[in-house]
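[1] Here's a sequence, model it:
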Amino acid sequence: MSKLEESAAPPLIDAGSGQPVKRLRPGAIGIGAVLFMALATAAPITAMTGNVPIAVGYGNGIHAPAGFLVATAILFVFTIGYAAMSRHVTAAGAFYGYISHGLGQAVGMASGLLATVAYIVFEASLIGIFASFFRTTVANFGGPTINWIWLAIGGMALIAIMGYFDIQLSGKVLGIFLVTEVTILAILSFAVLFKGGGPQGLMPGVLNPLKAFTAAPTDSKAGIVGSAGIGLFFAFWSWVGYETCAVYGEESRDPKRTVPRAVLTLVLLIGGIYTFVSWMAVAGNGTKQVLALSRGSNPFDMFFGITQSFVGVWAKDVYEVLIITGSFACALAFHNTASRYIYALGREVPHKATRNLLGNTHDKHKSPHVASIVQTVITVAIVLGFYWFQKPSSAAPDVAYDYVYGLLAIFGTMIILACQSLCSLSVISYFHILKKHPETASWWRTLLAPLVGAVAMGYVIYLLIKNINFAAGAASSSPLLKATPYAVIGLFVVGLIFAAYMYIRRPDEYAQMGRTVLEETAERDEIDLATSR
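    Residues are numbered from 1 along each chain as shown. Okay, the predicted model is just below:
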């Protein structure tokens, strides 16, 4: 974007006061960059390598690909309403803005706080698995044994540098990493497809959606009982992050078109990748081998083995390197998302100095640089806290993977699912109770679809709570895990209390909460009312 175009960009308006506030760089990224950054948060290679073996071995067995197909259908239904909302409300705090406009400032503030915390801890979570993958891969290649904390610190430092500068830098880095990881998954999958699969061929029956609700076979000797609920939960878990398309609305070109197109495109793109790759992983190994590997000492061999046998040793080595870069890209993408949520909340807090600091953007790069620094400090504190206070055990020797990644991923996932449910309800309220934008409202797009989405998200939350000990694996005895549901509820209550304080003590500023939107997509009646005071 040229200086002339930037100066001509519409200001960011605080709808409660009608005053412009400092905004992120307008028009900095197009739909391609938005897709790259949101797809990076979903982390295809990390999701496939880490989650498919669990879904196969302990969930719905060889029908795990059908679970991803079902998840695609349900999330597409949710996304229909989400995309409809994004056509009219554009702000850096997506869930925060959407829920505030649909369900009111109090629920919006509570949800915004939840979403911010979720994305904050997701960066730390992904730094954990990045450090674990990095250390293991170096050892596998004959290198020295490195303490995971040094790898984690190096990753956080590099992310901090990129988060400080123009969003275009992160977009380019994420684009490179994402293309490489999707490429290796494609090479593996098409190699299996063109060679006709493994011992049982391509096994198209594993895609039958009805089979997604069947459990993996029981292994009484090993004490393993399959649960279809576990398979479905891990299918949904793999998607967390795709909804972040809306977070980049302020920085995208023509956000009223870019964000809805990006989020609808992404849900189908991710669904296609996950379903196809998991199908080829099952078909390439065959029924007996895929179950044995998924329940073995190194379940990642479910992918490493077929990569070597169907493509070559070189591809297997490349695959191991790309799970490092893939997890790093995911951590970077979540850093960008968390920074924008902190920035969005920061420019609306009552304390003027804090607002001018957290809600500030870099003079040159137009990045939320202060919020980015805050996010880095919090992430470093979380990671160091685990390093200092969580010691490895015989059951969970890898602190970075078992605790940092596992526990924080569960915590964040529970929050995002709750926010998605509330977002679906806010869509219904916005279009059908508050009667906003009747030209967009319809019985299926803004009523039936989000209603189905809310119910489905609620069901997945139920699956998570029911299977939370299994999902945590070796860290299931951690008191942090047991506190997770209560922490989520507690954060929501804190948000409500803060909103109540604002309503009682600062009613004018309460009216502004969640109302900072781009002028070109703002609610015209609110802006006109505010500017006429």
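[2] Need the per-residue pLDDT for residue 3.
    Reading off the per-residue confidence, residue 3 sits at a pLDDT of 40.
[3] just the one 4 residues further on next, same as before
    The per-residue pLDDT reported for residue 7 equals 39.
[4] do the one 3 residues further on as well
    Predicted confidence (pLDDT) at residue 10: the value is 43.
[5] what does residue 386 give?
    Value for residue 386, per-residue pLDDT: 95.
[6] for it, what are its contacts?
    Listed by C-beta atoms under 8 Å, 6 or more residues apart in numbering, the contact partners of residue 386 are 128, 399, 400, 403, 404. Using the backbone N, CA and C atoms, a C-beta is placed for each residue, glycine as well.
[7] The residue nearest the centre of the chain and residue 456, how far apart?
    What sits nearest the mean C-alpha location of the chain, by C-alpha atoms, centre = their mean, is residue 241, with 1.7 Å. Remark: distance between residue 241 and residue 456 (C-beta to C-beta, to the nearest Å) = 18 Å.
[8] try residue 369
    Between residue 369 and residue 456 the distance, using C-beta to C-beta, works out to 38 Å.
[9] And for residue 150?
    Residue 150 sits 42 Å away from residue 456 when distances are taken as C-beta to C-beta.
[10] Between the two, tell me which one has more neighbours.
    Neighbour count, other C-beta atoms under 10 Å: between residue 150 and residue 456, residue 456 has more, with 22 against 12.
[11] re the thing from before, relative to residue 138, which of the contacts of residue 386 is nearest.
    For the contacts of residue 386, the residue nearest residue 138 by C-beta to C-beta is residue 400; the value is 13.3 Å.
[12] tell me the contacts of the closest one?
    Contacts for residue 400 (C-beta under 8 Å, 6+ apart) come out as 128, 129, 131, 132, 135, 148, 152, 386.
[13] from these, which is closest to residue 186?
    The closest of those, once distances to residue 186 are taken by C-beta to C-beta, is residue 129, at 22.3 Å.
[14] right, and the closest one touches residue 407 too?
    No - with the criterion set as C-beta atoms under 8 Å, residue 129 and residue 407 do not qualify as a contacting pair; they are 11.9 Å apart.
[15] Look at the two and report which has more neighbours.
    residue 129 (28 against 25).
[16] Enumerate every residue touching that one.
    Residues touching residue 129, when contacts are defined by C-beta under 8 Å, 6+ apart, comprise 46, 50, 327, 400, 401, 404, 405.
[17] which other helices and strands contact whichever helix or strand residue 417 is part of?
    With elements taken from DSSP states H and E, the one containing residue 417 is helix 406-428. Applying 3 or more C-beta pairs under 8 Å, 6 or more residues apart in numbering; DSSP states H and E, one finds that helix 406-428 makes contact with helix 64-86, helix 94-103, helix 105-140, helix 228-237, helix 449-466, helix 468-472, helix 479-505.
[18] mind redoing it with 10 Å?
    Contact analysis of helix 406-428 by 3 or more C-beta pairs under 10 Å, 6 or more residues apart in numbering; DSSP states H and E lists helix 64-86, helix 94-103, helix 105-140, helix 228-237, helix 369-389, helix 449-466, helix 468-472, helix 479-505 as its packing neighbours.
[19] Put the alpha carbons of it into CSV.
    As requested, the backbone C-alpha atoms of helix 406-428 are provided in CSV (Å, rounded to 0.1, in the frame of the first residue of the first chain):
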residue,chain,number,x,y,z
GLY,A,406,-0.9,-30.9,26.3
LEU,A,407,-2.4,-29.0,29.3
LEU,A,408,-2.4,-25.6,27.6
ALA,A,409,-4.0,-27.0,24.4
ILE,A,410,-6.8,-28.5,26.3
PHE,A,411,-7.4,-25.3,28.3
GLY,A,412,-7.4,-23.1,25.2
THR,A,413,-9.5,-25.5,23.1
MET,A,414,-12.3,-25.6,25.8
ILE,A,415,-12.4,-21.8,25.7
ILE,A,416,-12.5,-21.5,21.9
LEU,A,417,-15.3,-24.0,21.7
ALA,A,418,-17.3,-22.0,24.3
CYS,A,419,-16.6,-18.8,22.4
GLN,A,420,-17.8,-20.4,19.1
SER,A,421,-21.0,-21.5,20.8
LEU,A,422,-21.6,-18.0,22.1
CYS,A,423,-20.7,-16.5,18.7
SER,A,424,-23.4,-18.7,17.1
LEU,A,425,-26.0,-17.4,19.5
SER,A,426,-24.9,-13.8,18.9
VAL,A,427,-25.5,-14.3,15.2
ILE,A,428,-29.1,-15.3,15.9
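[20] and it with helix 94-103, angle?
    On the basis of axes from the mean of the first three to the mean of the last three C-alpha atoms, to 10 degrees, helix 406-428 is oriented at 30 degrees to helix 94-103.
[21] The closest residue to residue 98 other than its chain neighbours: how many residues sit nearby?
    Here the nearest residue to residue 98 in space, its sequence neighbours aside, is residue 85; by C-beta to C-beta, 6 or more residues apart in numbering that works out to 4.9 Å. Burial of residue 85, expressed as a neighbour count using other C-beta under 10 Å, amounts to 29.
[22] In contact with residue 85, which residues?
    If a contact means C-beta atoms under 10 Å, 6 or more residues apart in numbering, then residue 85 has 94, 97-99, 101-102, 246, 259-260, 423-424, 426-427, 430-431, 436-437, 440, 446, 450 as its contacts.
[23] Buried subset of those residues, written for ChimeraX?
    Buried residues within the contacts of residue 85, as defined by 16 or more other C-beta atoms under 10 Å, are selected in ChimeraX through the command that follows:
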select :94,97,98,99,101,102,246,259,260,423,424,426,427,430,431,436,446,450
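[24] Return the residues in contact with residue 311.
    184, 187, 188, 190, 191, 192, 195, 318, 319.
[25] now with 7 Å?
    Listed by C-beta atoms under 7 Å, 6 or more residues apart in numbering, the contact partners of residue 311 are 187, 188, 191.
[26] Wait, residue 454 touches residue 423, no?
    No - contact status for residue 454 versus residue 423: not in contact, 8.5 Å apart, counting by C-beta atoms under 7 Å.
[27] by how many degrees do the one helix or strand residue 156 maps to and helix 105-140 diverge?
    Following DSSP H and E, the helix or strand that holds residue 156 is helix 148-164. Interaxial angle of helix 148-164 relative to helix 105-140 (the same axes, to 10 degrees): 130 degrees.
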